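>>> How does the following fold in three dimensions:
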Amino acid sequence: MEPTALDQKPKGRRGSLTNPEVYENVPGHVIPIIEREFDDFDTRAAKFMRGEEAEDQFIGFRLKQGVYGQRQPDVQMIRVKLPFGGVTPEQMEAFADVAEQFTPLQKGHITTRQNFQFHHIPLDDARKVIRMISDSGLSTREACGNTVRNVTGDPWSGVTDELYDITPYAGAFVRYFVRNEVCQLLPRKFKVAFTSNDEDRAITLIHDLGFLPRLRDGVKGVEMRTGGGTSIMARVGSTLFDFVEVDNGDYLKVSEAVLRIFDRQDDLRANRQRARIKFLIDRVGIDAFREMVEEELEGDWADERDFTPDPLLFVDDEEANAPSVPVAPGSPNGDGRDFDRFVAGNVVPQRQKGFSTVQVKVTRGDLSPEQFRGLARLMRDHTGGYARTSIHQNIVLRWVRDESLYDVWQRLRELDLGDPGAHEVTDVTSCPGTDSCKLGITSSMGLSEAIQERVEAMGIDDPLTRQIHIKMSGCPNGCGQHHLGTIGFYGASMKVGDRQVPAYIAHVGGRYEGGELAYGERVKVRLPAKRVPEAVERWIRLYEAEREDGEPFNAFVDRVGTVPFAESAKELSLPVEFNLDNLQHFIDWNRTDPYRVERGEGECAV
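Numbers count the residues shown, from 1 in each chain. Predicted coordinates for the structure are as follows:
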């Protein structure tokens, strides 16, 4: 690892060769910027575009810089890493500029891993975008490829009930492993999450490594979990060690041992579809893997350096920058029911008295340039500049004064971001699907819009029904977290004669709240895409009609199983004839051309 500049006076522009790494402990300034990497990208990209470098040579380099190929030719997706979701107003403004100047659809997209993505950018423009992003303190480094991906976290860390704030240690983990030689060419990607407490809002059990705060005799530590993962062969992780110290750096040392073992598994490299660490642990068992880690920790490398995280810790006293009490706060004038509904669904009191968080419901995770800039202004005026993205594709505003909640809501409404029901039944999660992804089979974003419109039209006010979470992916992989949805879908297709119909496989009963994790059970019907919203309404009405008093949806699924869901949607699953009356079924959501499966090779496993 290269030396940090924490205790040095900067010598030149941040990110220059004379000042290559500077850590600034403010949100969004977690990953060090190295300007020479951008120079290298410019050089390599220019060579590739001139035909002087083969694509199979260039692609690995490109991915490590966060530039990912799309299903559309000659354009790229830029993925910006936001460790634990932290973002500043200045970075939101940078995102606005990128969306406005370089994306044809004029938007940025929040992912289920707390990143921002920008789509349909030509390679020549990608060079400009990553430099623009770096000027705001953000990095795309190792956002793609077989590396340690974005380290996700609980957006409420530091302001919720917790043993201690795990944010500084998550930041140190990011800084330790970015550009670390041990994880530059792993058998497959490696996903990490840090959570605040046993509510596990970061869903550690679906990750390659997960960390939960623990205290033992006054010593801070973490429970380390490993072996989780979604996708086609979903696995629930297990506890590797129930207590590993953090202040002495043991959590970094154990993490490196895990990565060293994973990196040596050449048998996993033989089949990239089965190359995640979950397959190794599934094969040998968690006890044998624990023994492998303990043996690895006896290696000479573990004694060659100091793992104490102090120089790398992300330490930021947010409360010191929190806004003061407003002089003339607004309040509802007359009917306050809409505001009350917003507060009930989107506002959570912080453990710091007088402050609350506001979860902004971002439809399909998409923000326009105007919304980016409006949120930046709102953050400056009402949050001390603090916000974090969530794994549910929303934004959590932190340090909002209780007296300012009405004013914040009014500002959000002006941006078309003031809807209630964040992380409720109308807050549908979706990956981009065939809008951009090479692996996409169906237009999951189009279906997401159709389902949201259908559910909103139902006018649901029942508090138990509002707890339903609907999630979907455009293929069997887990980018839309469909495995975890109370109702979940993944993209498929159906054959009608010699024609294809876009379709979905459904799951019910997925759960992840309160520290409980279970993947949904498959419903044995395959639904044409255009009939999925009708199926969703039927299943919600089935639940409301037949549940026991006070019975949540997942408890209902546990009691009755999946058969009633299959039976209620049986007629919807029947094939349709190709004729003028049924032509819509042969065209996917938000499309105009007849549907056909067009699936390329994804770059996640390159």
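>>> where in the stretch 301-450 of the chain is pLDDT low?
Along the stretch 301-450 of the chain, no part satisfies pLDDT under 70.
>>> now the helices: where do they sit in it?
337-346, 369-382, 405-414, 444-457 (DSSP state H, counting those that start in this stretch).
>>> Compare those and report which one is nearest to Arg235.
In terms of Cβ to Cβ, the element of those nearest to Arg235 is helix 444-457, at 22.8 Å. Placement of C-beta: from N, CA and C, glycine included.
>>> After that closest one, which helix or strand is next?
Using DSSP states H and E, the helix or strand that directly follows helix 444-457 along the chain is strand 470-473.
>>> Report the strands that pair with that next one, each with its relative direction.
In the sheet, strand 470-473 lines up against strand 429-430 (parallel), strand 487-496 (parallel) (DSSP bridges).
>>> before we move on, back to that, out of the helices of the stretch 301-450 of the chain, which gets nearest to Phe41?
Of all these, it is helix 369-382 that lies closest to Phe41, at 24.4 Å by Cβ to Cβ.
>>> Cys437: which of the strands paired with strand 470-473 is closest?
Among those, the nearest to Cys437 by Cβ to Cβ is strand 487-496 (10.1 Å).
>>> just to revisit the earlier point, adding mean neighbour count and distance to Val347, write the strands paired with strand 470-473 out as a markdown table.
Putting the strands paired with strand 470-473 into a markdown table (neighbours: other Cβ atoms under 10 Å; distance: least, Cβ to Cβ, whole Å) gives the following:
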| stretch | mean neighbour count | distance to Val347 |
| --- | --- | --- |
| strand 429-430 | 28 | 21 |
| strand 487-496 | 23 | 26 |
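>>> Can you list phi and psi of the closest residue to Ala450 other than its chain neighbours for me?
Counting by Cβ to Cβ, 6 or more residues apart in numbering, Ala450 lies nearest to Pro533, which is 5.0 Å off, once chain neighbours are set aside. The phi/psi pair for Pro533 (degrees, to the nearest 10) reads phi -60, psi -40.
>>> and the gap between Pro533 and Glu544?
17 Å (Cβ to Cβ, to the nearest Å).
>>> which of the two has more neighbours?
Pro533 (20 against 14; other Cβ atoms under 10 Å).
>>> pretty sure that one is in contact with Glu449, am I right?
No. Contact criterion Cβ atoms under 8 Å: Pro533 and Glu449 do not qualify, at 9.8 Å.
>>> Enumerate every residue touching Pro83.
Pro83 makes contacts with 30-31, 150-151, 153, 170-171, 174, as judged by Cβ atoms under 8 Å, 6 or more residues apart in numbering.
>>> how about the residues you listed, which pair is most distant?
The distance between the two most remote of the contacts of Pro83 (Cβ to Cβ) is 14.3 Å, for Ile31 and Gly153.
>>> Need the strands paired with strand 470-473 in CSV (columns: distance to Asn346).
Below are the strands paired with strand 470-473 laid out as CSV (distance: least, Cβ to Cβ, whole Å):
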stretch, distance to Asn346
strand 429-430, 16
strand 487-496, 22
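>>> So for Ala202, which of the ones you listed sits nearest?
Going by Cβ to Cβ, the one of those nearest Ala202 is strand 429-430, 15.3 Å.
>>> Off-centre distance for the closest one?
Here strand 429-430 is found 10 Å from its chain centre; the criterion is Cα atoms, centre = their mean, to the nearest Å.
>>> Over to stretch 355-369?
Its chain's C-alpha centre and that of stretch 355-369 lie 14 Å apart, by Cα atoms, centre = their mean.
>>> what's the answer for stretch 147-157, then?
In this view, stretch 147-157 has its centroid 8 Å away from the chain centroid, taken as Cα atoms, centre = their mean.
>>> Ok, stretch 200-219 next?
18 Å.
>>> Where does pLDDT dip in this protein?
Residue ranges of the chain with pLDDT under 70: 1-24, 26-28, 601-602, 604-606.
>>> give the contact list for Ala99.
Applying Cβ under 8 Å, 6+ apart, the residues near Ala99 are 106-108, 118, 367-369, 372.
>>> redo that, cut-off 10 Å
Ala99 sits next to 105-109, 116, 118-119, 366-372 when contact means Cβ atoms under 10 Å, 6 or more residues apart in numbering.
>>> how about it, secondary structure?
Recorded secondary structure, Ala99: helix (DSSP: H, G, I helix; E, B strand; the rest coil).
>>> Pull up the gap between it and Ile31, please.
With the distance defined as Cβ to Cβ, Ala99 ends up 21 Å from Ile31.
>>> So Ile31 and Gly153 - more neighbours on which side?
Neighbours were counted for Ile31 and for Gly153 using other Cβ under 10 Å; Gly153 has more, 30 against 26.
>>> Over to that one: give its phi and psi.
In terms of degrees, to the nearest 10, the main-chain angles of Gly153 are phi -160, psi 170.
>>> secondary structure class for Asp247?
Following three-state DSSP, we place Asp247 in the coil state.
>>> Once you drop chain neighbours, what's closest to it?
Leaving out its chain neighbours, the residue that sits closest to Asp247 by Cβ to Cβ, 6+ apart is Lys220, at 5.8 Å.
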